[in-house]
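*Asks:* Model the structure of this input:
(one chain, ligands or ions: 1)
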Amino acid sequence: MAGLNIRSVLVTGSNRGIGLELVKQLVGKSNPPRWVFATCRNPEGTRGQELRELVSKHANLVMVKLDAVNPVSIQEAAKTVEAQLEDSGLNLLINNAGIFSNVTLETVDAEEMLGAYKTNVVGPMLVGQAFLPLLKKAAQTSAQKGLSCSKAAIVNISSVLGSVALVPETFFKPVISYRCSKAVPLTLGTSSLHHRAAISACSHPRGAAHSVLFPGARQLLLWRKEHSHGLLSQAVRPQAALNMLTRSQALSYMKDGILCAALHPGWVQTDMGTREADLTVEESIRGILTVLSALSEKHSGSFLNWAGKTLPW
Ligand code: NDP
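*Replies:* Sure, this is the predicted structure:
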(Lines give C-alpha, C1' and ligand atoms only; values in the text may rest on other atoms or scores of the structure.)
Protein backbone atom coordinates (compact mmCIF):
# COMPACT_ATOMS: atom_id res chain seq x y z
CA MET A 1 0.00 0.00 0.00
CA ALA A 2 3.03 2.25 0.41
CA GLY A 3 2.91 2.37 -3.44
CA LEU A 4 0.00 4.78 -3.28
CA ASN A 5 1.81 8.11 -2.91
CA ILE A 6 -0.98 10.64 -3.10
CA ARG A 7 -0.83 14.15 -1.84
CA SER A 8 -4.58 14.64 -1.91
CA VAL A 9 -7.69 12.49 -2.19
CA LEU A 10 -11.43 13.15 -1.97
CA VAL A 11 -13.99 10.47 -1.11
CA THR A 12 -17.75 11.10 -1.47
CA GLY A 13 -20.23 9.56 0.98
CA SER A 14 -17.58 9.03 3.64
CA ASN A 15 -19.59 9.30 6.86
CA ARG A 16 -20.34 5.56 6.96
CA GLY A 17 -19.72 2.21 5.24
CA ILE A 18 -17.11 1.90 2.52
CA GLY A 19 -16.43 5.65 2.32
CA LEU A 20 -15.73 5.95 6.05
CA GLU A 21 -13.37 2.96 6.00
CA LEU A 22 -11.60 4.38 2.94
CA VAL A 23 -10.80 7.62 4.76
CA LYS A 24 -9.85 5.71 7.95
CA GLN A 25 -7.33 3.54 6.10
CA LEU A 26 -6.02 6.48 4.07
CA VAL A 27 -5.22 8.58 7.13
CA GLY A 28 -3.82 5.46 8.86
CA LYS A 29 -1.30 4.72 6.07
CA SER A 30 2.42 4.75 6.83
CA ASN A 31 2.70 7.49 4.18
CA PRO A 32 -0.67 9.26 4.53
CA PRO A 33 -1.80 11.87 2.02
CA ARG A 34 -1.24 15.50 2.94
CA TRP A 35 -4.99 16.05 2.50
CA VAL A 36 -7.89 13.62 2.76
CA PHE A 37 -11.23 15.29 1.94
CA ALA A 38 -14.08 13.29 3.43
CA THR A 39 -17.38 14.49 2.06
CA CYS A 40 -20.82 13.84 3.47
CA ARG A 41 -24.19 15.43 2.92
CA ASN A 42 -24.83 16.40 6.51
CA PRO A 43 -21.58 17.04 8.46
CA GLU A 44 -23.44 18.29 11.55
CA GLY A 45 -26.00 15.48 11.69
CA THR A 46 -25.98 12.31 13.80
CA ARG A 47 -24.82 10.25 10.81
CA GLY A 48 -21.68 12.38 10.64
CA GLN A 49 -20.60 11.73 14.22
CA GLU A 50 -18.05 8.95 13.60
CA LEU A 51 -16.45 10.99 10.84
CA ARG A 52 -16.36 14.11 13.05
CA GLU A 53 -14.51 12.10 15.73
CA LEU A 54 -12.00 10.88 13.15
CA VAL A 55 -11.47 14.42 11.87
CA SER A 56 -10.73 15.61 15.41
CA LYS A 57 -7.78 13.14 15.55
CA HIS A 58 -6.22 13.84 12.14
CA ALA A 59 -5.03 17.26 11.01
CA ASN A 60 -4.87 16.09 7.38
CA LEU A 61 -8.54 14.98 7.35
CA VAL A 62 -11.02 17.64 6.24
CA MET A 63 -14.78 17.19 6.34
CA VAL A 64 -16.58 18.78 3.38
CA LYS A 65 -20.31 19.08 2.82
CA LEU A 66 -21.38 17.54 -0.48
CA ASP A 67 -24.75 16.23 -1.60
CA ALA A 68 -24.23 14.31 -4.83
CA VAL A 69 -27.69 15.19 -6.16
CA ASN A 70 -27.29 18.93 -5.57
CA PRO A 71 -25.17 20.76 -8.19
CA VAL A 72 -24.79 23.87 -6.00
CA SER A 73 -23.50 21.77 -3.11
CA ILE A 74 -20.99 20.06 -5.45
CA GLN A 75 -19.70 23.43 -6.72
CA GLU A 76 -19.39 24.75 -3.16
CA ALA A 77 -17.43 21.63 -2.17
CA ALA A 78 -15.05 22.11 -5.11
CA LYS A 79 -14.40 25.72 -4.01
CA THR A 80 -13.71 24.63 -0.41
CA VAL A 81 -11.26 21.97 -1.56
CA GLU A 82 -9.53 24.35 -4.00
CA ALA A 83 -9.02 26.90 -1.22
CA GLN A 84 -7.50 24.24 1.05
CA LEU A 85 -5.18 22.90 -1.65
CA GLU A 86 -3.96 26.43 -2.45
CA ASP A 87 -1.82 26.07 -5.59
CA SER A 88 -1.77 22.29 -5.88
CA GLY A 89 -4.25 19.99 -7.59
CA LEU A 90 -6.30 16.98 -6.46
CA ASN A 91 -4.71 13.60 -7.17
CA LEU A 92 -7.54 11.19 -6.58
CA LEU A 93 -11.33 11.52 -6.66
CA ILE A 94 -13.29 8.51 -5.40
CA ASN A 95 -17.00 8.64 -6.30
CA ASN A 96 -18.31 6.33 -3.59
CA ALA A 97 -21.68 7.81 -2.53
CA GLY A 98 -24.52 5.61 -3.70
CA ILE A 99 -28.02 4.38 -2.94
CA PHE A 100 -29.66 0.99 -3.20
CA SER A 101 -33.28 -0.20 -3.03
CA ASN A 102 -34.52 -3.73 -2.86
CA VAL A 103 -37.03 -3.41 -5.70
CA THR A 104 -37.96 -5.96 -8.35
CA LEU A 105 -39.39 -5.47 -11.84
CA GLU A 106 -42.81 -5.93 -10.27
CA THR A 107 -42.36 -3.24 -7.60
CA VAL A 108 -40.07 -0.62 -9.18
CA ASP A 109 -41.58 2.66 -10.45
CA ALA A 110 -40.37 5.68 -12.43
CA GLU A 111 -39.52 7.75 -9.36
CA GLU A 112 -37.34 4.99 -7.92
CA MET A 113 -35.50 4.49 -11.24
CA LEU A 114 -34.84 8.21 -11.66
CA GLY A 115 -33.74 8.59 -8.04
CA ALA A 116 -31.16 5.81 -8.39
CA TYR A 117 -29.93 7.27 -11.67
CA LYS A 118 -29.61 10.72 -10.14
CA THR A 119 -27.47 9.61 -7.21
CA ASN A 120 -25.52 6.73 -8.78
CA VAL A 121 -24.81 8.21 -12.22
CA VAL A 122 -25.58 11.93 -12.46
CA GLY A 123 -23.90 12.54 -9.08
CA PRO A 124 -20.52 11.01 -10.07
CA MET A 125 -20.71 12.82 -13.43
CA LEU A 126 -21.29 16.24 -11.83
CA VAL A 127 -18.64 15.61 -9.16
CA GLY A 128 -16.17 14.60 -11.90
CA GLN A 129 -16.93 17.79 -13.84
CA ALA A 130 -16.61 20.04 -10.79
CA PHE A 131 -13.26 18.61 -9.70
CA LEU A 132 -11.82 18.29 -13.21
CA PRO A 133 -9.81 21.55 -13.04
CA LEU A 134 -8.14 20.36 -9.82
CA LEU A 135 -7.43 16.90 -11.26
CA LYS A 136 -5.94 18.50 -14.38
CA LYS A 137 -3.77 20.70 -12.22
CA ALA A 138 -2.46 17.64 -10.35
CA ALA A 139 -1.65 15.89 -13.63
CA GLN A 140 0.05 18.97 -15.10
CA THR A 141 2.27 19.55 -12.09
CA SER A 142 3.23 15.88 -11.66
CA ALA A 143 6.65 14.67 -12.76
CA GLN A 144 5.31 11.12 -13.16
CA LYS A 145 5.05 9.52 -16.60
CA GLY A 146 1.91 7.62 -17.68
CA LEU A 147 -1.29 7.41 -15.66
CA SER A 148 -1.70 6.48 -12.00
CA CYS A 149 -3.80 7.20 -8.91
CA SER A 150 -0.79 8.94 -7.39
CA LYS A 151 -0.82 11.40 -10.29
CA ALA A 152 -4.49 12.09 -11.15
CA ALA A 153 -7.45 9.70 -11.22
CA ILE A 154 -11.21 9.31 -10.96
CA VAL A 155 -12.35 6.02 -9.42
CA ASN A 156 -16.07 5.26 -9.57
CA ILE A 157 -17.28 2.70 -7.04
CA SER A 158 -19.55 0.53 -9.14
CA SER A 159 -21.05 -2.90 -8.58
CA VAL A 160 -20.87 -6.34 -10.08
CA LEU A 161 -24.70 -6.20 -10.06
CA GLY A 162 -24.31 -3.74 -12.96
CA SER A 163 -22.49 -6.29 -15.12
CA VAL A 164 -24.79 -7.39 -17.93
CA ALA A 165 -22.55 -10.36 -18.66
CA LEU A 166 -23.04 -11.62 -15.11
CA VAL A 167 -26.82 -11.11 -14.89
CA PRO A 168 -27.65 -14.82 -14.73
CA GLU A 169 -25.31 -15.26 -11.77
CA THR A 170 -26.35 -12.08 -9.92
CA PHE A 171 -30.10 -11.95 -10.58
CA PHE A 172 -30.88 -13.67 -7.29
CA LYS A 173 -30.82 -10.02 -6.15
CA PRO A 174 -32.98 -8.23 -8.79
CA VAL A 175 -32.56 -4.68 -7.30
CA ILE A 176 -33.64 -3.27 -10.66
CA SER A 177 -33.03 0.45 -10.13
CA TYR A 178 -29.60 -0.19 -8.60
CA ARG A 179 -28.31 -2.61 -11.24
CA CYS A 180 -29.58 -0.41 -14.08
CA SER A 181 -27.96 2.72 -12.63
CA LYS A 182 -24.59 1.02 -12.29
CA ALA A 183 -24.48 -0.37 -15.85
CA VAL A 184 -26.48 -1.24 -18.94
CA PRO A 185 -23.86 -2.13 -21.54
CA LEU A 186 -24.31 -2.61 -25.25
CA THR A 187 -21.55 -4.48 -27.03
CA LEU A 188 -20.42 -3.86 -30.59
CA GLY A 189 -18.43 -6.32 -32.64
CA THR A 190 -19.53 -9.32 -30.58
CA SER A 191 -22.55 -11.58 -30.68
CA SER A 192 -23.96 -10.15 -27.45
CA LEU A 193 -27.67 -10.51 -26.89
CA HIS A 194 -27.90 -6.79 -26.13
CA HIS A 195 -26.20 -5.95 -29.39
CA ARG A 196 -28.67 -8.04 -31.33
CA ALA A 197 -31.56 -6.62 -29.33
CA ALA A 198 -30.38 -3.06 -29.99
CA ILE A 199 -30.00 -3.67 -33.70
CA SER A 200 -33.42 -5.28 -33.95
CA ALA A 201 -34.90 -2.43 -31.91
CA CYS A 202 -33.65 0.11 -34.45
CA SER A 203 -34.67 -1.82 -37.53
CA HIS A 204 -38.08 -2.69 -36.12
CA PRO A 205 -41.06 -0.85 -37.67
CA ARG A 206 -41.88 0.48 -34.17
CA GLY A 207 -38.26 1.49 -33.69
CA ALA A 208 -38.96 4.51 -31.50
CA ALA A 209 -40.88 2.49 -28.94
CA HIS A 210 -38.21 -0.20 -28.98
CA SER A 211 -35.51 2.40 -28.42
CA VAL A 212 -37.17 3.16 -25.12
CA LEU A 213 -36.80 -0.47 -24.18
CA PHE A 214 -33.21 -0.51 -25.38
CA PRO A 215 -31.92 3.01 -24.71
CA GLY A 216 -28.90 3.91 -26.76
CA ALA A 217 -29.86 1.65 -29.65
CA ARG A 218 -30.21 4.49 -32.16
CA GLN A 219 -26.96 6.15 -31.09
CA LEU A 220 -25.30 2.76 -31.31
CA LEU A 221 -26.38 2.33 -34.93
CA LEU A 222 -25.28 5.89 -35.80
CA TRP A 223 -21.93 5.21 -34.15
CA ARG A 224 -21.70 1.96 -36.08
CA LYS A 225 -22.35 3.78 -39.39
CA GLU A 226 -19.69 6.36 -38.62
CA HIS A 227 -17.07 3.83 -37.56
CA SER A 228 -17.76 1.06 -40.04
CA HIS A 229 -14.31 1.05 -41.68
CA GLY A 230 -12.66 -1.95 -40.09
CA LEU A 231 -13.18 -0.87 -36.52
CA LEU A 232 -16.09 -3.20 -35.98
CA SER A 233 -13.86 -6.24 -36.04
CA GLN A 234 -12.55 -5.08 -32.67
CA ALA A 235 -14.63 -5.55 -29.55
CA VAL A 236 -15.69 -1.96 -28.99
CA ARG A 237 -18.02 -1.47 -26.05
CA PRO A 238 -20.11 1.61 -25.58
CA GLN A 239 -21.53 1.37 -22.07
CA ALA A 240 -24.43 3.03 -20.29
CA ALA A 241 -24.99 4.37 -16.75
CA LEU A 242 -22.05 4.44 -14.30
CA ASN A 243 -19.85 2.05 -16.23
CA MET A 244 -20.55 3.96 -19.45
CA LEU A 245 -19.68 7.17 -17.63
CA THR A 246 -16.37 5.64 -16.50
CA ARG A 247 -15.42 4.58 -20.03
CA SER A 248 -16.35 8.02 -21.38
CA GLN A 249 -14.36 9.78 -18.67
CA ALA A 250 -11.37 7.50 -19.36
CA LEU A 251 -11.39 8.35 -23.08
CA SER A 252 -12.07 12.06 -22.59
CA TYR A 253 -9.59 12.69 -19.78
CA MET A 254 -6.70 10.49 -20.92
CA LYS A 255 -5.23 13.44 -22.85
CA ASP A 256 -5.25 15.41 -19.59
CA GLY A 257 -3.23 12.69 -17.82
CA ILE A 258 -6.18 11.46 -15.72
CA LEU A 259 -6.78 7.75 -15.15
CA CYS A 260 -10.44 6.64 -14.79
CA ALA A 261 -11.64 3.23 -13.61
CA ALA A 262 -14.70 1.53 -12.09
CA LEU A 263 -14.22 -0.65 -9.00
CA HIS A 264 -16.52 -3.25 -7.45
CA PRO A 265 -15.74 -3.40 -3.72
CA GLY A 266 -17.04 -6.96 -3.25
CA TRP A 267 -20.15 -7.76 -1.23
CA VAL A 268 -19.34 -5.78 1.88
CA GLN A 269 -20.77 -5.66 5.40
CA THR A 270 -22.23 -2.14 5.49
CA ASP A 271 -25.75 -0.74 5.88
CA MET A 272 -26.15 -1.38 2.16
CA GLY A 273 -24.40 -4.75 2.02
CA THR A 274 -25.98 -6.03 5.29
CA ARG A 275 -24.25 -8.19 7.90
CA GLU A 276 -24.64 -11.26 5.70
CA ALA A 277 -22.13 -9.95 3.14
CA ASP A 278 -18.91 -11.85 2.32
CA LEU A 279 -16.35 -9.23 3.27
CA THR A 280 -15.73 -7.02 6.24
CA VAL A 281 -15.35 -3.41 5.26
CA GLU A 282 -11.69 -3.53 6.45
CA GLU A 283 -10.90 -6.44 4.07
CA SER A 284 -12.59 -4.76 1.12
CA ILE A 285 -10.78 -1.45 1.60
CA ARG A 286 -7.38 -3.08 2.17
CA GLY A 287 -7.91 -4.77 -1.21
CA ILE A 288 -9.14 -1.58 -2.90
CA LEU A 289 -6.14 0.45 -1.71
CA THR A 290 -3.78 -2.23 -3.00
CA VAL A 291 -5.58 -2.17 -6.35
CA LEU A 292 -5.43 1.65 -6.49
CA SER A 293 -1.68 1.57 -5.88
CA ALA A 294 -1.24 -0.80 -8.86
CA LEU A 295 -3.45 0.98 -11.41
CA SER A 296 -1.65 2.28 -14.47
CA GLU A 297 -2.36 3.45 -18.01
CA LYS A 298 -3.45 -0.02 -19.12
CA HIS A 299 -6.23 -0.04 -16.50
CA SER A 300 -7.84 3.24 -17.53
CA GLY A 301 -11.42 2.51 -18.62
CA SER A 302 -11.43 -0.86 -16.82
CA PHE A 303 -13.90 -2.46 -14.43
CA LEU A 304 -12.04 -4.28 -11.63
CA ASN A 305 -13.00 -5.81 -8.32
CA TRP A 306 -11.47 -5.22 -4.87
CA ALA A 307 -8.96 -8.02 -5.50
CA GLY A 308 -7.77 -6.56 -8.80
CA LYS A 309 -9.65 -9.02 -11.03
CA THR A 310 -11.04 -7.59 -14.28
CA LEU A 311 -14.83 -7.93 -14.42
CA PRO A 312 -16.92 -8.33 -17.58
CA TRP A 313 -19.13 -5.34 -18.43
P1 NDP B 1 -23.92 2.69 2.61
O2 NDP B 1 -25.37 2.69 2.36
O3 NDP B 1 -23.40 2.02 3.83
O4 NDP B 1 -23.35 4.20 2.55
C5 NDP B 1 -23.70 5.00 1.47
C6 NDP B 1 -23.00 6.33 1.58
O7 NDP B 1 -23.39 7.13 0.46
C8 NDP B 1 -23.41 7.10 2.85
O9 NDP B 1 -22.30 7.83 3.30
C10 NDP B 1 -24.49 8.03 2.33
O11 NDP B 1 -24.67 9.20 3.10
C12 NDP B 1 -23.88 8.37 0.99
N13 NDP B 1 -24.87 8.97 0.09
C14 NDP B 1 -26.03 8.48 -0.37
N15 NDP B 1 -26.64 9.39 -1.14
C16 NDP B 1 -25.85 10.49 -1.17
C17 NDP B 1 -25.93 11.76 -1.77
N18 NDP B 1 -26.98 12.13 -2.51
N19 NDP B 1 -24.92 12.62 -1.58
C20 NDP B 1 -23.86 12.30 -0.83
N21 NDP B 1 -23.72 11.14 -0.20
C22 NDP B 1 -24.72 10.23 -0.37
O23 NDP B 1 -23.27 2.01 1.32
P24 NDP B 1 -21.83 1.32 1.11
O25 NDP B 1 -20.82 1.99 1.92
O26 NDP B 1 -22.02 -0.13 1.23
O27 NDP B 1 -21.63 1.63 -0.44
C28 NDP B 1 -20.73 2.61 -0.92
C29 NDP B 1 -20.62 2.42 -2.43
O30 NDP B 1 -20.21 1.08 -2.72
C31 NDP B 1 -21.94 2.63 -3.17
O32 NDP B 1 -21.69 3.32 -4.38
C33 NDP B 1 -22.40 1.22 -3.46
O34 NDP B 1 -23.21 1.15 -4.59
C35 NDP B 1 -21.09 0.49 -3.66
N36 NDP B 1 -21.18 -0.94 -3.47
C37 NDP B 1 -21.43 -1.47 -2.21
C38 NDP B 1 -21.50 -2.84 -2.05
C39 NDP B 1 -21.73 -3.48 -0.74
O40 NDP B 1 -21.81 -4.74 -0.68
N41 NDP B 1 -21.81 -2.74 0.36
C42 NDP B 1 -21.34 -3.77 -3.20
C43 NDP B 1 -21.09 -3.08 -4.45
C44 NDP B 1 -21.00 -1.74 -4.57
P45 NDP B 1 -25.87 9.35 4.22
O46 NDP B 1 -25.34 8.75 5.49
O47 NDP B 1 -26.09 10.81 4.27
O48 NDP B 1 -27.04 8.59 3.69
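
*Asks:* I'd like to check which residues are in contact with the residue nearest to residue 149 when sequence neighbours are not counted.
*Replies:* If the residues on either side of it in the chain are set aside, residue 149 comes closest to residue 292, at 4.6 Å by C-beta to C-beta, 6 or more residues apart in numbering. For the C-beta atoms, the positions are set from N, CA and C on the backbone; glycine is no exception. Contacts for residue 292 (C-beta atoms under 8 Å, 6 or more residues apart in numbering) come out as 4, 92, 149, 153, 155.

*Asks:* How about residue 151?
*Replies:* Neighbours of residue 151 in contact, by C-beta under 8 Å, 6+ apart: 91, 138, 139, 142, 144, 257, 259.

*Asks:* taking those one by one, which sit in helices?
*Replies:* Taking DSSP state H as the definition of helices, the contacts of residue 151 contribute 138, 139.

*Asks:* And the contacts of residue 151, which is closest to residue 83?
*Replies:* For the contacts of residue 151, the residue nearest residue 83 by C-beta to C-beta is residue 138; the value is 15.9 Å.

*Asks:* Just to check, that closest one is in contact with residue 10?
*Replies:* No: contact between residue 138 and residue 10 fails when scored by C-beta atoms under 8 Å: they sit 11.3 Å apart.

*Asks:* anything in contact with each of the two?
*Replies:* Shared contacts of residue 138 and residue 10 (C-beta under 8 Å, 6+ apart): residue 90.

*Asks:* State the number of residues packed around the residue nearest to residue 20 when sequence neighbours are not counted.
*Replies:* Among residues not flanking residue 20 along the chain, residue 14 sits closest, at 5.5 Å (C-beta to C-beta, 6+ apart). By other C-beta atoms under 10 Å, 30 other residues sit near residue 14.

*Asks:* so what's residue 14 up against?
*Replies:* Contact partners of residue 14, counting by C-beta under 8 Å, 6+ apart, are 20, 22, 23, 38, 39, 40, 51, 96.

*Asks:* Report pLDDT for whichever residue of the stretch 51-200 of the chain sits closest to the ligand.
*Replies:* Nearest residue of the stretch 51-200 of the chain to the ligand, counting by C-beta to the nearest ligand atom: residue 98, 2.4 Å away. On pLDDT, residue 98 comes in at 97.

*Asks:* Just give the closest residue to it, not the sequence neighbours.
*Replies:* Closest residue to residue 98 apart from its sequence neighbours, by C-beta to C-beta, 6+ apart: residue 120 at 5.1 Å.

*Asks:* got it, and residue 17?
*Replies:* In space, residue 17 is closest to residue 270, 3.5 Å off (C-beta to C-beta, 6+ apart).

*Asks:* and the one you found, how many neighbours does it have?
*Replies:* 21.

*Asks:* Now do the phi/psi pair for it.
*Replies:* phi -140, psi -180 (degrees, to the nearest 10).

*Asks:* quick one: it and residue 254, what's the gap?
*Replies:* Relative to residue 254, residue 270 is positioned 32 Å away (C-beta to C-beta, to the nearest Å).

*Asks:* go on, residue 305?
*Replies:* 23 Å.

*Asks:* Between those two, tell me which one has more neighbours.
*Replies:* Shown here are residue 305 and residue 254; by other C-beta under 10 Å, residue 305 has more neighbours (20 against 15).

*Asks:* residues in contact with the more buried one?
*Replies:* In this structure, residue 305 makes contact with 160, 263, 264, 265, 266, 311, judged by C-beta under 8 Å, 6+ apart.

*Asks:* How about residue 70?
*Replies:* Listed by C-beta under 8 Å, 6+ apart, residue 70 has no contact partners.

*Asks:* do the same with residue 178
*Replies:* Taking C-beta under 8 Å, 6+ apart, we find residue 178 in contact with 99, 100, 101, 116, 120, 159, 161, 162.

*Asks:* Next, the contact list for the last one, please.
*Replies:* The one in question is residue 162. Taking C-beta under 8 Å, 6+ apart, we find residue 162 in contact with 178, 179, 180, 181, 182, 183, 184, 241, 242, 243.

*Asks:* Which residues of this structure lie near the ligand?
*Replies:* Contact residues (C-beta under 6 Å from any ligand atom) of the chain with the ligand: 12-13, 15-19, 40-42, 47, 66-69, 96-100, 119, 123, 157, 159, 264-265, 267-268, 270-273, 277.

*Asks:* Around residue 155, count how many other residues there are.
*Replies:* 26.

*Asks:* helix/strand/coil for the spatially most central residue of the chain?
*Replies:* Centroid check for the chain by C-alpha atoms, centre = their mean gives residue 156 as the closest residue, at 1.5 Å. The three-state label given to residue 156 by DSSP: H, G, I helix; E, B strand; the rest coil is strand.

*Asks:* Distance check, the residue of the stretch 51-200 of the chain closest to the ligand against residue 152.
*Replies:* Distance from residue 98 to residue 152, counting by C-beta to C-beta: 23 Å.

*Asks:* Same question for residue 174.
*Replies:* From residue 174 to residue 152 the distance is 37 Å (C-beta to C-beta).
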